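Asker: just coords:
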């Protein structure tokens, strides 16, 4: 909703309070306004009246700074380091555009060969680091190899493990040879760990904060603040802000206060209980960006009764997702369809929505030769926000079908170490992965590190086929079949997909916003602007 | 003179020795408690990138695959030589908590410099005018501010002075790059909140300590001899109430160093309490240990000073029965 709509609704509300407007008229007129602004409020939709303006300071209040933060890209794991360092002072070879497609950033072009096993990247010319030194292919090679050392503790290790070797050709060509073909390889290079840093004298990289990015690092106090200033020699006609400041505010109430008192312009991940308060203000708005993050109940299919596909289907039909989204998430969520692939993802496959149905649940139980079953569902308050309430409601939904769900409350501390992947039926908060291949190979293929106990030979076969295939039409077909298999036989009950929910000052402008990663795919600093 | 000071010196020496022993016990308790917590630094830091290989590589590099008591002994040996070691993220522990410790000490000092004289003065006033309006007013208002949790006081202060009147910033997030005036301006609200919290405690205890002395027969005697009431309070009662007053002041000063985590969180003040919370969340044991040692040392140190003051003011305490 834009500002003028806000003001008009405020005026209408004022009229209602004074009694010059009937309640009915108020509702009619506000709903017309809401409809008119619906196009503009569609998450990610560009707002035509905003033309980007140069200048000003942008302050973000984030919760996830740590005093251990540092400039080694291998240690980054939060939106603080991702958006502040990767998106602020560095670039990758490629970037993911807000529409989810991949585009060159430091790389001008790339081409695969040998069934997507060898990738040749050509760098843009004339790119310089903040200290004036020109970008060379050697910088790229050292930056990626930084994560490939045998004793690497990098968060990007799982990605670079696919790389067999990296070679350079002159100063502007980098050739990656993979262990096996991967058509999504350019996508993977957009991961925020794989920032390009200058190569250091005598090998390795120089981790002093010297990058190619839109901003120079002015000051960095770990766990407190990061201050960035505009890089006048940036290789894109960006950024708009003169300065950006990341401010650590660990407490949710303090974060909200900071926004309301004008100490910051942007806060992340606001509590659903604060949404109406922010939406009732004329100075701020709530932004919802569809993302990959989803809340689910996962089953270990090696354990009875989850080993029976019909029992799994019965459990899937016995879940009333609408009820949980309405009561637990207060309407903030998109209905899950037992498919971990988000609708915003490339190769997402549309399937008929699985609805709550006691009859179908009973039917599948009968097919499994059962009349009633009793299962234990393990949850904790941090399994996902509202997991306990969701599980209790689910138990109510499932009871009429003869399914008894005993909700087991686990301790929040240690849930991910002691319960997740250890108990056969548990609640999980998944952040998703930028590509379907990456998602499947992390969680769903038989050899995936986080496989919760489900395997399917056809699924594994399709995964290998799709990975080495560069023809998008064929890949679409492969991935559609894989998603259908997970939907019908898989071990995951997706309750809901959740949006990135930010509260933002109305003085801040933005275009289409990417949701594959938080903060506009971590590139908020160079894509957003000030309107005042 | 020498006969008198020697027992105090030996008393101080034995108290310091006991203090060091307490510090070691505290560090042992903390270290073993952290070792028993589920989860590890590697899985906390890697989050959803925590593949088994990455976790194993990180734990090996940090030496986390050694038994915890071996790690403890190694840490204790280094700490004894003044080396607090490296945080698990590879920064020296003192680099991590040093600047934050300075912030905490600055906040505590400013608060203490205002709070201690004011609260003793108000306590004396209450005792002197016992039962009169000023006593009743201060007793009621301090009781009220002691009875609500500190974060509530903080939010009230913030709502009135930052949100409604907009006199002060709601966030006290001071940074090294700010000048002194700016830093002080941002610290006004946390200082005010802390003052409200500790003033109440100290005023009430000062008043109670003086009044309990005022019930002694020798005060009756002084009154019967015709001493004016103010003189009775200041000359006769106060010197004998210094012991208990010193203890409550010490307790509050130690609280200012180690107990202001809630205030730090509400006002986003980068103090050492937040550093410890951050370290616990990440299971960064060297930093947790250093914070625990600092907190324990503050408590033990301030109480030691209070004991010495009590004994000097009342030498009978040197010879416990």
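Answerer: Done, it's in. These figures come from a predicted structure and were not determined experimentally. Numbering: from 1, shown residues only, chains lettered A, B, ... in the order given.
Asker: list the contacts for residue B:114?
Answerer: B:191, B:195 (CB atoms under 8 Å, 6 or more residues apart in numbering or on different chains). C-betas here are computed from N, CA, C, even on glycine.
Asker: quick one: what helix or strand has it in it?
Answerer: Assigned by DSSP states H and E, residue B:114 belongs to helix B:93-128.
Asker: okay, and for the stretch 201-321 of chain B, where does confidence drop off?
Answerer: Applying pLDDT under 70 to the stretch 201-321 of chain B picks out residues B:320-321.
Asker: Kindly report the residues of the stretch 101-250 of chain B close to chain A.
Answerer: B:155, B:158, B:162, B:163, B:166, B:169, B:170, B:171, B:173, B:175, B:176, B:177 (CB under 8 Å from any CB of the partner chain).
Asker: Can I take it that the fourth one is in a strand?
Answerer: No - secondary structure assignment (DSSP: H, G, I helix; E, B strand; the rest coil) places residue B:163 in helix, not in a strand.
Asker: Contacts only, for the residue lying closest to it once chain neighbours are set aside.
Answerer: Nearest residue to residue B:163, sequence neighbours excluded (CB to CB, 6 or more residues apart in numbering or on different chains): residue A:261, at 6.0 Å. Taking CB under 8 Å, 6+ apart as the criterion, residue A:261 is in contact with B:162, B:163, B:166, B:169, B:170, B:171.
Asker: For chain B, what is the nearest residue in chain A?
Answerer: residue A:414 (2.5 Å; CB to the nearest CB).
Asker: hang on, that residue packs against residue B:43?
Answerer: No - between residue A:414 and residue B:43 there is no contact under CB atoms under 8 Å: 9.8 Å.
Asker: Comparing these two, which shows the higher neighbour count?
Answerer: The neighbour comparison of residue A:414 against residue B:43 (other CB atoms under 10 Å in any protein chain shown) goes to residue B:43, with 19 against 15.
Asker: Am I right that that one is in contact with residue B:55?
Answerer: Yes - Residue B:43 is within contact range of residue B:55, at 5.7 Å (criterion: CB under 8 Å).
Asker: In chain A, spot the strand with the most residues.
Answerer: strand A:284-299 (DSSP state E).
Asker: what's the angle between the very next helix or strand once past that one and strand A:284-299?
Answerer: Sequence order places helix A:309-317 as the next helix or strand after strand A:284-299, per DSSP H and E. For helix A:309-317 against strand A:284-299, the angle by axes from the mean of the first three to the mean of the last three CA atoms, to 10 degrees is 160 degrees.
Asker: Check the offset of helix A:309-317 from the chain's centre.
Answerer: Centre-to-centre, helix A:309-317 and its host chain are 28 Å apart (CA atoms, centre = their mean, to the nearest Å).
Asker: and what of stretch A:378-394?
Answerer: How far stretch A:378-394 lies from its chain's middle: 21 Å, per CA atoms, centre = their mean.
Asker: got a list of what residue A:510 touches?
Answerer: Residue A:510 makes contacts with A:50, A:520, A:524, A:527, A:528, A:529, as judged by CB under 8 Å, 6+ apart.
Asker: What does the pLDDT read for the second one?
Answerer: Put plainly, it is residue A:520. Looking at residue A:520, its pLDDT stands at 93.
Asker: show me what contacts it?
Answerer: Contact partners of residue A:520, counting by CB under 8 Å, 6+ apart, are A:98, A:289, A:510, A:513, A:514, A:527, A:528.
Asker: do that again at 6 Å, thanks
Answerer: Counting by CB atoms under 6 Å, 6 or more residues apart in numbering or on different chains, residue A:520 makes contact with A:513, A:514, A:527.
Asker: strand partners of whichever strand or helix holds residue A:58, parallel vs antiparallel please.
Answerer: Residue A:58 belongs to strand A:57-62 when assigned by DSSP H and E. Counting by DSSP bridges, the strands paired with strand A:57-62 are strand A:243-248 (parallel), strand A:266-267 (parallel).
Asker: if we look at that strand, which residues are touching it?
Answerer: For strand A:57-62, the external contacting residues (CB under 6 Å, 6+ apart) are A:80, A:241, A:243-247, A:249, A:255, A:258, A:264-268.
Asker: What residues of it count as buried?
Answerer: A:58, A:59, A:60, A:61, A:62 (16 or more other CB atoms under 10 Å in any protein chain shown).
Asker: quick one: the helices in the stretch 1-150 of chain B?
Answerer: B:2-36, B:41-46, B:52-62, B:68-80, B:93-128, B:133-147, B:150-158 (DSSP state H, counting those that start in this stretch).
Asker: Number of residues surrounding residue 132?
Answerer: No chain specified, so I'll use chain A. Count around residue A:132 with other CB under 10 Å applied: 8.
Asker: Chain B, not that one
Answerer: 11.
Asker: Relative to chain A, how far out is it?
Answerer: 40 Å (CB to the nearest CB, to the nearest Å).
Asker: again with residue B:188
Answerer: Distance, residue B:188 to chain A, by CB to the nearest CB: 14 Å.
Asker: Report the contact partners of the residue nearest to that residue when sequence neighbours are not counted.
Answerer: Nearest residue to residue B:188 in three dimensions, chain neighbours excluded: residue B:168, at 5.0 Å (CB to CB, 6+ apart). Neighbour list for residue B:168: B:161, B:162, B:188, B:189 [criterion: CB under 6 Å, 6+ apart].
Asker: Mind picking the two most distant members of those?
Answerer: Greatest spacing in the contacts of residue B:168, by CB to CB: B:162 and B:188 (9.7 Å).
Asker: that older thread, counting neighbours, which of the contacts of residue A:520 comes out on top?
Answerer: Neighbour max across the contacts of residue A:520 (other CB under 10 Å) = residue A:514, 26 neighbours.
Asker: Quick check: chain neighbours aside, which residue is closest to that residue?
Answerer: residue A:521 (3.6 Å).
Asker: What is the neighbour count of that neighbour?
Answerer: 24.
Asker: Wait, it touches residue A:513, no?
Answerer: No - at 8.4 Å, residue A:521 does not count as touching residue A:513 under the criterion of CB atoms under 6 Å.
Asker: do you know how far residue B:318 is from chain A?
Answerer: 45 Å.
Asker: quick one, what contacts that residue?
Answerer: By CB under 6 Å, 6+ apart, residue B:318 lies in contact with B:7, B:311.
Asker: Could you check how far it is from residue A:294?
Answerer: 69 Å (CB to CB, to the nearest Å).
Asker: For the residue lying closest to residue B:85 once chain neighbours are set aside, grab the count of nearby residues.
Answerer: Excluding its sequence neighbours, the residue lying closest to residue B:85 (CB to CB, 6+ apart) is residue B:286, at 4.7 Å. When neighbours are counted by other CB under 10 Å, residue B:286 registers 23.
Asker: same question, residue B:113
Answerer: Counted by other CB under 10 Å, the residues lying close to residue B:113 total 10.
Asker: for the one 10 residues further on, same thing?
Answerer: Using other CB under 10 Å, residue B:123 has 27 other residues around it.
Asker: Give me the phi and psi for the residue nearest to it when sequence neighbours are not counted.
Answerer: What sits nearest to residue B:123 in space, not counting adjacent residues and going by CB to CB, 6+ apart, is residue B:206, at 2.5 Å. Main-chain torsions, residue B:206, degrees, to the nearest 10: phi -60, psi -50.
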